[in-house]
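> build me a model:
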Amino acid sequence: MNVLRSASFAAGLAIAAGCANHSTAMLPSQSGFTGSAMLRFATNLMTNGSFETPKAPPGSYTLYNKGQKFTGWTVVGKPGNIAIVSDTFTYGGYTFPAACGHQLVDLTGTSDSRTGLQQAVKTTSGATYTLSFDVGNAYGTGNIGTSSTVLAFVAGKQVLRAKNTKGKGLTHIVWQKFSTTFQATSSLTGIKLINGDPVSDTTNGLDCVTVAPKT
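Numbers count the residues shown, from 1 in each chain. Modelled structure (predicted):
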């Protein structure tokens, strides 16, 4: 988000690479999830779906450029970056609480490009799965924008255009859950989530990404 272009945060941003396997992913109980949130993540096939690792600096964010990796994810799409954001980050009177845990991703980063994230999950060919995620929108004038759109792809095919227009009159990011189903065609299925906002819109939150067998 261009709200991330504040000079006070731009200096010293750590850019980390490397990918951890699913066995090291944070458990729901370790992330502060309880009740329905724990149930939602109990059968999650995604690694690091709530973006709890690596840790962003408190009150700030960390940028990852196209081609870089962090726990479970690879940055893909058009040249640009995304940001892992601490839920204590504030800008221009707006706050950015996470939907799950204590961190979120802003798909606009500081590049505002059609950049995003991708992860491959283990699936069974012929089985049906549910992909769900939360889209966060900060509704404001200027470069913050009035909607947030995430384009979801499964095995290279777009399956959902998730648009959140909530938050008018509020000064914090507002989350909306979206979901869709898909039938796997192989033992490994690529999930890709891309920023669908125009370059003039500089906030697009993503959190709580799950893939689970449909029940």
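
> tell me the secondary structure at the residue sitting furthest away from the middle of the chain.
Distance from the centre of the chain peaks at Gly126, with 27.1 Å (C-alpha atoms, centre = their mean). Secondary structure, DSSP: H, G, I helix; E, B strand; the rest coil: Gly126 is coil.

> what sits against it?
By C-beta atoms under 8 Å, 6 or more residues apart in numbering, the residues touching Gly126 are 183-185. (C-beta placed from N, C-alpha, C; glycine too.)

> same check on Lys55?
With contact taken as C-beta under 8 Å, 6+ apart, Lys55 is in contact with Gln103.

> any idea how far it is from Tyr64?
Lys55 is 13 Å from Tyr64, where distance means C-beta to C-beta, to the nearest Å.

> what of Lys214?
Distance, Lys214 to Tyr64, by C-beta to C-beta: 31 Å.

> which one of those two has more residues nearby?
Taking neighbours as other C-beta atoms under 10 Å, Lys214 and Tyr64 compare with Tyr64 leading, 24 against 10.

> the residue nearest to Gly93 when sequence neighbours are not counted: neighbour count?
For Gly93, ignoring the flanking residues on the chain, the nearest one in space by C-beta to C-beta, 6 or more residues apart in numbering is Thr171 at 5.4 Å. Thr171: 13 surrounding residues under other C-beta under 10 Å.

> isn't Thr171 right up against Tyr94?
Yes - applying C-beta atoms under 8 Å, one finds Thr171 in contact with Tyr94, separated by 5.3 Å.

> just for this protein, where's the confidence low?
For the chain, applying pLDDT under 70 flags the ranges 1-42.

> and the strands in it?
In the chain, the segments counted as strands under DSSP state E are 61-65, 69-70, 73-77, 81-86, 90-91, 94-95, 103-106, 115-122, 128-137, 148-154, 157-164, 174-183, 188-195, 205-213.

> of those, which is nearest Met46?
Nearest of the strands of the chain to Met46, taken as C-beta to C-beta: strand 205-213 at 5.3 Å.
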